[in-house]
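1. I would like the atomic coordinates for the input below:
(one chain, ligands or ions: 1)
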Amino acid sequence: MKNDAFKTLKNFDLGNGKQGNFHSLPALEKAGVGPISKLPISIRIVLESVLRNCDGKRVREEDVKLLANWNAKAPAQVEIPFVVARVVLQDFTGVPLLVDLAAMRSTVSRLGRDPKMIEPLVPVDLVVDHSVQVDFFGSGDALQKNLDLEFKRNRERYELLKWGQQAFKTFGVVPPGIGIVHQVNLEYLAKGVLQSPVSSQQSPVFYPDTLVGTDSHTTMINGLGVVGWGVGGIEAEAGMLGQPVYFLTPEVVGVNLTGAVAEGVTATDVVLHITQMLRKAKVVGKFVEFYGPGAKALAVVDRATIANMAPEYGATMGFFPIDEETVAYLRGTGRSDEHCKTFENYYKAQGLWGVPAKGDIAYSVDLDLDLSTVVPGVAGPKRPQDRINLNDLKSTFASLFSKTVPDGGYGKPADDLASKKVELSLTSENPTQNGAATIRNGSVLIAAITSCTNTSNPSVMLGAGLLAKKAVERGLKVNPAVKSSLGPGSRVVTDYLNKTGLSQYLDTLGFQTVGYGCTTCIGNSGPLHPAIEEAVTKNDLVAASVLSGNRNFEARVHQNIKANFLMSPPLVVAFALAGRVDIDLSSEPIGTGKDGAPVFLRDIWPSQKEIRDVMSTALSPEIFRKLYTDFASQNPKWNEIPGTVGDVFEWNKQSTYVQEPPFFTGFGMSAGSIGEIKGGRPLGIFGDSVTTDHISPAGAIKKASPAGKFLTEAGVAFEDFNSYGSRRGNDRIMTRGTFANVRIKNLMCPGTEGGVTMHNGTQMPIYDAAMKYAETKTPLMIFAGQEYGTGSSRDWAAKGTALLGVKAVVAQSFERIHRSNLCGMGVLPLQFPEGMTAQTLKLDGTETFDLLGLSDDIKPMSDVTLIIHRANGTEERVTLRSRIDTAIEVEYVRHGGILPYVLRQLLA
Ligand code: SF4
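-> Residues are numbered from 1 along each chain as shown. All right, here's what the predicted structure looks like:
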């Protein structure tokens with residue numbers, strides 16, 4: 001090992017009679033570099049990476065010293081160069097990333113250099129999980145039919161993945177039909193401790209498993225003591241090409257968990273409680289570390305559920321330290337005994353073993369949660385942090401129904417809640433949707449057991465199965481209006497539901513398995529029954545979905561379902577049985593049993609003991625080993641896909657899925673420059689909480705939208721449009737889809753919904769206006785409110801913005817990943833000073849703007865001047881803060897983005 005600036009390379013006992021090397025944090029402390037044993041565990045794991053990779057170039061000795069002296073109350077405002085051990089991708093983000101790598105190889109090849117110089121330097125695993133849609137449900141063949149359709153729709157994308165598999169040495173693919181990336185990571189990919197390649201001269205060096213993933217919920221793996229979080233695809237690309245992932249030294253919020261959850265309370269209830277609590281505590285951009293006796297007593301699967309929702313509480317991570325529970329989980333999921341012993345010995349040697357107690361570690365902020373105070377709840381109807389006690393859902397829904405839209409309600413006459421009803425007689429090839437159904441406001445139309453947050457946790461999945469069993473035994477049925485589905489995060493779930501005999505009850509209630517993937521959680525809920533869809537839209541009903549997911553932003557779950565409630569899997573089944581959300585399940589029956597007697601939720605709710613009893617027989621390491629080997633041979637449809645071979649991808653100009661993106665058009669070795677903007681025009685003025693899904697939707701493509709028209713002109717039938725998420729390999733579609741969410745509200749066009757703007761007094765789609773502005777070389781700007789770019793990490797939200805010609809985004813505040821992605825695409829993020837908004841400035845879209853104070857010498861976080869030229873001829877100057885936060889981001893913006901920057905570095 002070449003880097004040992006601090007003489008910290010030591011030996012430890014691998015547990016198999018051999019010794020291994022490691023960069024010892026206790027030795028670093030002994031050398032007097034810093035008070036390391038007092039640092040949060042998560043900071044120490046990052047420090048190990050900084051120490052191990054300290055080569056004086058990418059990582060300097062000063063970086064080690066600064067982090068070793070992390071100050072809890074005032075962390076140094078410096079960027080940490082974090083070299084991660086590996087990268088995980090899901091297919092929505094992974095395909096465009098592979099497209100970019102392929103484009104880099106094409107560019108390098110055109111320059112007459114060896115394309116193989118573009119190669120991931122750390123292992124990269126892509127799990128195909130985001131593409132399966134719920135077209136079929138409620139029948140035993142739904143799984144196969146959905147899988148068949150998935151392969152039909154995505155063949156071109158999968159061909160690209162197969163090319164990537166053979167072109168890059170360190171790029172692995174977990175094919176469709178296996179599971180959800182974070183659950184597959186937890187159950188299989190994560191090793192906990194890794195080792196450098198063994199050579200004849202050197203012994204291997206062991207180091208913590210750390211990663212970044214191109215999906216916000218990468219944080220699930222924090223439950224296993226693995227440091228990692230979601231980044232945009234562009235940052236991940238840089239990471240896999242050997243660039244450190246840079247982030248500002250974070251504050252670490254310590255959450256001391258005490259007590260134990262009460263009877264009837266699930267891990268989902270706990271995470272929804274924590275999400276609400278931590279949102280209030282403003283943990284955005286911070287690490288959260290859970291500790292204390294309550295944390296120690298939690299199983300890894302419960303820790304993982306809590307860690308998973310870090311993006312919803314706004315934190316970079318929701319980290320749990322490593323202890324006996326961690327190693328028990330690794331062993332229980334089929335990792336070898338030898339590996340588990342090495343894992344345990346490594347963390348003991350590093351002084352990183354065990355869940356700390358109060359006072360052991362100095363945190364920036366100290367919070368406490370007594371787990372026994374958590375009560376059952378749901379979250380929604382529009383944001384995951386809006387938790388509602390289960391018993392209050394009825395009254396909350398009724399109040400929101402008639403509350404005004406600006407107050408977060410639906411603005412409907414209160415009487416409509418009970419009185420507006422549509423009677424339907426349904427016929428359908430989906431077996432559960434036949435017969436008479438009444439639909440009204442508050443009707444549950446989608447009930448989905450979905451999302452890695454919950455499907456990775458056997459306690460809530462078995463809880464759903466047990467509740468279904470009791471419901472079936474009492475003779476309860478699901479209303480035909482409900483589209484119910486079960487989307488497990490791995491095949492292990494099916495195995496334990498079968499083994500415990502619970503699958504049959506979920507099946508009886510229509511919760512047949514529809515696919516091993518994200519399904520409804522990512523918005524792939526598929527179409528509603530046409531008669532139901534018509535009834536909802538014609539009558540403008542506020543219909544509901546209930547899902548065990550973690551995101552419920554407008555139009556994410558389904559375009560025509562306005563109220564979306566997150567809840568535990570057993571509650572999803574319960575609400576599917578009740579058929580409506582305006583019900584108080586503590587006092588009203590969930591339905592009528594076959595004996596004619598009312599059945600209440602408490603009658604069918606499984607006890608903790610019942611769940612524990614089935615769990616004890618449900619899981620075995622052998623099953624994990626069996627199901628996580630040789631994916632290709634278990635997936636004949638994947639084998640049928642022909643993959644192109646060669647080092648350079650052969651672009652097919654006719655493809656509507658994969659096109660060479662224009663990021664390297666006119667590429668040369670010299671960087672551009674950061675210059676002032678003159679005569680800028682606004683493309684959009686938005687309010688608060690504009691999500692990445694508003695900016696770059698993942699769901700369905702409307703026929704009349706610019707992307708829909710493009711596909712129609714390319715000869716694609718409407719039923720083959722697929723989703724925006726699946727089209728991310730084609731910049732032509734994604735640019736047209738930018739700001740095309742049907743619910744986005746551009747305040748330049750008051751009273752409208754959807755991606756429209758004004759161009760010279762004419763209202764038109766945002767894409768069309770951007771192309772008109774491009775003809776006149778007019779620089780464009782976006783204005784927005786709080787939390788701009790919140791939601792899933794989505795590099796296309798930044799890529800599309802850049803390709804529309806937007807040079808700067810001015811917001812009150814930015815979501816962490818989206819801000820850095822904007823820099824990564826060469827777009828300037830700028831922030832209003834406290835109290836100033838587009839509204840206080842009375843911007844209406846008729847203005848012209850100049851931005852002064854921009855140059856190559858711009859320092860991070862410096863002030864720039866915005867001059868507003870109003871239509872009436874007046875002028876106003878305001879000061880904005882540049883949110884180019886780090887020196888490396890100045891470089892990215894100067895080079896026109898991270899991709900040209902990295903390519904120039906490699907070529908140089
Ligand atoms: S979309 Fe949902 S299920 Fe898929 S990775 Fe993200 S959180 Fe998990």
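2. use CA for all of it now, contacts and neighbours both
-> Noted.
3. quick one, strands of the stretch 801-908 of the chain?
-> 806-811, 828-831, 848-852, 863-869, 875-882 (DSSP state E, counting those that start in this stretch).
4. got it, and the stretch 451-600 of the chain?
-> According to DSSP E, counting those that start in this stretch, the strands that the stretch 451-600 of the chain contains are 483-486, 544-547, 563-566, 591-592, 598-599.
5. what do you get for the stretch 301-450 of the chain?
-> Under DSSP E, counting those that start in this stretch, the stretch 301-450 of the chain gives strands at 317-319, 365-370, 377-379, 387-389, 421-426, 435-440, 444-449.
6. what sits up against the third one?
-> Applying C-alpha atoms under 8 Å, 6 or more residues apart in numbering, the external contacts of strand 377-379 come out as 269, 272-273, 385-391, 393, 565-568.
7. correct me, but Asn722 touches Ala700?
-> Yes: at 6.7 Å, Asn722 and Ala700 qualify as touching, with contact defined as C-alpha atoms under 8 Å.
8. which of the two has more residues huddled nearby?
-> Under the neighbour definition other C-alpha atoms under 10 Å, Asn722 and Ala700 were set side by side, and Ala700 has more, 24 against 20.
9. quick revisit: any chance of the strands of the stretch 801-908 of the chain in JSON lines, plus distance to the ligand, mean pLDDT and mean neighbour count?
-> Formatted as JSON lines, these follow (distance: least, C-alpha to the nearest ligand atom, whole Å; pLDDT from 0 to 100; neighbours: other C-alpha atoms under 10 Å):
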{"stretch": "strand 806-811", "distance to the ligand": "26", "mean pLDDT": "98", "mean neighbour count": "24"}
{"stretch": "strand 828-831", "distance to the ligand": "26", "mean pLDDT": "98", "mean neighbour count": "26"}
{"stretch": "strand 848-852", "distance to the ligand": "37", "mean pLDDT": "98", "mean neighbour count": "19"}
{"stretch": "strand 863-869", "distance to the ligand": "36", "mean pLDDT": "98", "mean neighbour count": "19"}
{"stretch": "strand 875-882", "distance to the ligand": "31", "mean pLDDT": "98", "mean neighbour count": "16"}
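10. mind putting those strands into a markdown table with distance to Gly380?
-> As requested, the strands of the stretch 801-908 of the chain are arranged in a markdown table below (distance: least, C-alpha to C-alpha, whole Å):
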| stretch | distance to Gly380 |
| --- | --- |
| strand 806-811 | 25 |
| strand 828-831 | 29 |
| strand 848-852 | 38 |
| strand 863-869 | 38 |
| strand 875-882 | 33 |
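11. which one of these lies closest to Ala436?
-> Nearest of the strands of the stretch 801-908 of the chain to Ala436, taken as C-alpha to C-alpha: strand 806-811 at 49.2 Å.
12. what pairs with the closest one, and is each one parallel or antiparallel?
-> strand 780-783 (parallel), strand 828-831 (parallel) (DSSP bridges).
13. which one of those strands lies closest to Pro458?
-> That would be strand 828-831 among the strands paired with strand 806-811, by C-alpha to C-alpha, at 42.1 Å.
14. residue in the chain with the shortest distance to the ligand?
-> Nearest residue of the chain to the ligand: Ser451, at 3.4 Å (C-alpha to the nearest ligand atom).
15. where does this structure dip in pLDDT?
-> Along the chain, segments meeting pLDDT under 70 span 1-2, 199-201, 793.
16. max-length helix in it?
-> helix 142-167 (DSSP state H).
17. so for that one, what gets flagged as buried?
-> 142-143, 145-147, 149-151, 153-167 (16 or more other C-alpha atoms under 10 Å).
18. now stretch 625-641
-> In stretch 625-641, residues buried by neighbour count (16+ other C-alpha under 10 Å) are 627-628, 631, 638.
19. need the CA coordinates for it. CSV is fine.
-> Extracted C-alpha coordinates of stretch 625-641, given in CSV (Å, rounded to 0.1, in the frame of the first residue of the first chain):
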residue,chain,number,x,y,z
ARG,A,625,-27.3,-17.9,-0.8
LYS,A,626,-29.6,-19.8,-3.2
LEU,A,627,-31.5,-16.8,-4.5
TYR,A,628,-28.5,-14.6,-4.9
THR,A,629,-26.4,-16.7,-7.2
ASP,A,630,-26.1,-16.9,-10.9
PHE,A,631,-28.9,-14.4,-11.8
ALA,A,632,-28.6,-14.8,-15.5
SER,A,633,-29.4,-18.5,-15.5
GLN,A,634,-32.5,-17.8,-13.3
ASN,A,635,-33.7,-15.2,-15.8
PRO,A,636,-34.2,-16.7,-19.3
LYS,A,637,-35.6,-13.4,-20.7
TRP,A,638,-32.4,-11.6,-19.8
ASN,A,639,-30.4,-14.3,-21.6
GLU,A,640,-32.5,-13.8,-24.8
ILE,A,641,-31.4,-10.1,-25.0
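20. for it, give me every contacting residue.
-> 151, 155, 158-159, 162, 174-178, 188, 333-335, 491-492.
21. list the contacts of the residue nearest in space to the middle of the chain.
-> Centroid-nearest residue in the chain: Ser216, 2.9 Å away (criterion: C-alpha atoms, centre = their mean). Residues counted as contacts of Ser216 (C-alpha under 8 Å, 6+ apart) are 229-231, 311, 792-793.
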